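1. Return atomic coordinates for the entry below.
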Amino acid sequence: MHHLGTNLDEDERMMRSRQRTRLTVLSTLAMAATLLAALIAGLLVPGAARAEDRSRAVSGWFGYWTDTADMAAIARASGGVLGEVNIFWWNYSGPVNPVCTSTLSCPSPSSTPWASQALLAAARQLKAQGIEVYATHTDLDSGRAGSLSQYLSKKQNRLAITAQLTDWAVKSGVDGVDLDWENFAFNDGSDSWATTRPRMTSTVRLLAKRLHAAGLKLSVTVPGGYQPFLTDGSPNPGGGYSVYNWAALAPHVDRLRLMTYDYSWNRPGPIGPHYWTRDVVKSAIAQVGEEYRKKIYVGLHQYGKAWYDRDAADDYVTIGECDDRWEPNGEDATSVSLVDARKVAKTYDVTPTFDRKSREWFFNYVKTETGHYTNGNGKKRVVDCKVRKEIWYGAKETAVGRMQMVKRLRIGGVAVWQLAGLDSGFFPAVKPYVDTPAAAKKSPGKKSGAKKASRD
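-> Coordinates of the predicted model:
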């Protein structure tokens, strides 16, 4: 959903590739009906209506494009497991319109510019099940790179945007606000981070004060980073994206959600490997301190990615006769839903392999695709070749690993991208690791029924 520019250096391509994956809509829409049917068929049970009976350990995001009825049905299918939902609600549309409702024109002539009727209905239905709802405000449009940072440089703007977010959150009837400001990391450029960092921290501090005074909560979503620890063993600020000052944010936010996915971006590999995710969480704990570790929510991907395989010379791996200079016309490193990934495996009669180290599934297959190359005379040739591809994806086994990590490292919970793309066995798999307040009251002192966590 994010258009990549040209003439990017390698770091910028990596950053934008990671950002784009979070917002792949079409594949999610394609599998929503199939997934929903599977969830409802095996898991539909009455949800806990009382908020105090809900654990908050399992959270995640819905896109604004997800149908209201689907959101409510998936929440009911969780059987009381799902505790918090973030909905892509508002976005930054420039200094004139810093807060715009994603499903409305901006500025909107609507009598409720803070929310569409569909969003309001979604919030009501989720809250009726005891689920807390956060309205997510995003800054993801690479075309506005640098704009939000510049906007926040002025105190009156920081006062204005925090006042508007608080006012609109109250009017929308949500439980809190979630900030997902990714342009800072992925598009503004690292040379801007030292300047942006205090602007963001100041804004978060002010917004937290306003929201808490209104009885609402604040979540901040940040990249998990690419290097959790420095070479000397000390935690790397922001996991490498130092524009996000985790230590300074932690005292003010209620949730610090880490996007621990898109580890492998331009070459095949695990999307959010367990070992890397564990190090990101440990680094975050070291940065925020013991007092705030329960505010940390670790990212959990429920999607896959498909790549073209490359050889040691970085040429595409082809089968049979094909010019070494051949390149496929298709896009590389594309996101796929779990349903689509498994369909591909079935179509090509391959059995996915579970990688225990990363807690993810993968498989290779050979597909005939159209591509091109330029011959010795400088002429472009278009030919079909058999090329080897590779898909990795996270599923319910990945979720179990994350929940074990939550228990062992004593953090707040998981944050799933995204809830409309869950593995059909997701909720039964994670339920043994979820402690509800109601269960604790019934069995005082009794340990969780979850199996002993494997060594992290």
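
2. Please report phi then psi for residue 113.
-> phi -60, psi -20 (degrees, to the nearest 10).

3. how close does it get to residue 345?
-> From residue 113 across to residue 345, the span is 46 Å (Cβ to Cβ, to the nearest Å). The C-beta positions use only the backbone N, C-alpha and C, and glycine is treated the same way.

4. is the residue most central in space within the chain in a bridge, and if so with what?
-> Centroid-nearest residue in the chain: residue 417, 3.9 Å away (criterion: Cα atoms, centre = their mean). Taking DSSP bridges as the rule, residue 417 bridges to residue 301.

5. so what's the closest residue to residue 185 other than its chain neighbours up against?
-> Closest residue to residue 185 apart from its sequence neighbours, by Cβ to Cβ, 6 or more residues apart in numbering: residue 241 at 4.4 Å. By Cβ atoms under 8 Å, 6 or more residues apart in numbering, the contact list for residue 241 reads 184-185, 193, 222-223, 225.

6. and if you look at residue 184?
-> Taking Cβ under 8 Å, 6+ apart as the test, what residue 184 contacts is 139, 148-149, 192-193, 196, 200, 241, 243-244.

7. What I need now is the residues you listed written out in CSV, including secondary structure and distance to residue 314 for each item.
-> Shown next, in CSV, are these (DSSP: H, G, I helix; E, B strand; the rest coil; distance: Cβ to Cβ, whole Å):
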residue, secondary structure, distance to residue 314
139, strand, 34
148, helix, 36
149, helix, 35
192, helix, 31
193, helix, 31
196, helix, 34
200, helix, 37
241, coil, 27
243, coil, 31
244, coil, 33
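
8. Could you dump the residues you listed into JSON lines with pLDDT and distance to residue 51 added?
-> Below are the contacts of residue 184 laid out as JSON lines (pLDDT from 0 to 100; distance: Cβ to Cβ, whole Å):
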{"residue": "139", "pLDDT": "98", "distance to residue 51": "30"}
{"residue": "148", "pLDDT": "98", "distance to residue 51": "33"}
{"residue": "149", "pLDDT": "98", "distance to residue 51": "36"}
{"residue": "192", "pLDDT": "98", "distance to residue 51": "40"}
{"residue": "193", "pLDDT": "98", "distance to residue 51": "38"}
{"residue": "196", "pLDDT": "98", "distance to residue 51": "36"}
{"residue": "200", "pLDDT": "98", "distance to residue 51": "30"}
{"residue": "241", "pLDDT": "98", "distance to residue 51": "33"}
{"residue": "243", "pLDDT": "98", "distance to residue 51": "34"}
{"residue": "244", "pLDDT": "98", "distance to residue 51": "29"}
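
9. and after the worst-scoring helix or strand of the chain on mean pLDDT, which helix or strand comes next?
-> Lowest by mean pLDDT, DSSP states H and E among the helices and strands of the chain is helix 26-43, with a mean of 43. Where DSSP states H and E defines the elements, the next helix or strand beyond helix 26-43 is strand 58-62.

10. Buried residues, that following strand. List them.
-> For strand 58-62, a neighbour-count test (16 or more other Cβ atoms under 10 Å) marks 58-62 as buried.

11. Also stretch 428-438?
-> For stretch 428-438, by 16+ other Cβ under 10 Å, it's 429-431, 433-434, 436.

12. to the chain's geometric centre, what's the distance from stretch 419-426?
-> Relative to its parent chain, stretch 419-426 has a centroid offset of 14 Å by Cα atoms, centre = their mean, to the nearest Å.

13. just to revisit the earlier point, looking at the buried residues of stretch 428-438, spot the one nearest residue 84.
-> Of all these, residue 434 has the smallest distance to residue 84: 12.2 Å, by Cβ to Cβ.

14. Pretty sure the closest one sits against residue 57.
-> Yes: judged on Cβ atoms under 8 Å, residue 434 makes contact with residue 57 at a distance of 5.4 Å.

15. Report the set of residues contacting both of these two.
-> residue 403.

16. Low-confidence bits of this structure, can you list those?
-> 1-50, 53, 436-456 (pLDDT under 70).

17. what do you get if the cut-off is 80, keeping everything else the same?
-> Filtered on pLDDT under 80, the chain yields the residue ranges 1-53, 436-456.

18. measure the residue of the chain positioned farthest from its centre to residue 321 for me?
-> Distance to the chain centre peaks in the chain at residue 377, reaching 46.8 Å (criterion: Cα atoms, centre = their mean). Residue 377 sits 19 Å away from residue 321, going by Cβ to Cβ.

19. and if you look at residue 225?
-> 44 Å.

20. cool, residue 104 as well?
-> Separation of residue 104 from residue 321 (Cβ to Cβ) stands at 55 Å.

21. again, but for residue 389
-> 19 Å.

22. Same drill for those two, tell me which one is more crowded.
-> residue 389 (22 against 8; other Cβ atoms under 10 Å).

23. Make sure the more buried one is indeed in a helix.
-> No: looking at residue 389 with DSSP: H, G, I helix; E, B strand; the rest coil, it is strand, so not inside a helix.

24. hang on, the earlier thing: which single one of the contacts of residue 241 is nearest to residue 134?
-> Nearest to residue 134 among these, counting by Cβ to Cβ, is residue 222 at 14.8 Å.

25. Give me the neighbour count for that closest one.
-> Number of residues near residue 222 (other Cβ under 10 Å) recorded here: 26.

26. looking at it, it is touching residue 240, isn't it?
-> No: in this structure, residue 222 is not within contact of residue 240 by Cβ under 8 Å, at 11.1 Å.

27. Secondary structure of residue 134: a strand, I assume?
-> Yes: counting by three-state DSSP, residue 134 is part of a strand.

28. And the residue nearest to residue 431 when sequence neighbours are not counted, its phi and psi?
-> Closest residue to residue 431 apart from its sequence neighbours, by Cβ to Cβ, 6+ apart: residue 81 at 5.2 Å. Main-chain torsions, residue 81, degrees, to the nearest 10: phi -80, psi -40.

29. Hmm, residue 56 and residue 81 touching each other?
-> No: using Cβ under 8 Å, residue 81 makes no contact with residue 56, being 10.8 Å away.

30. Sounds good, over and out.
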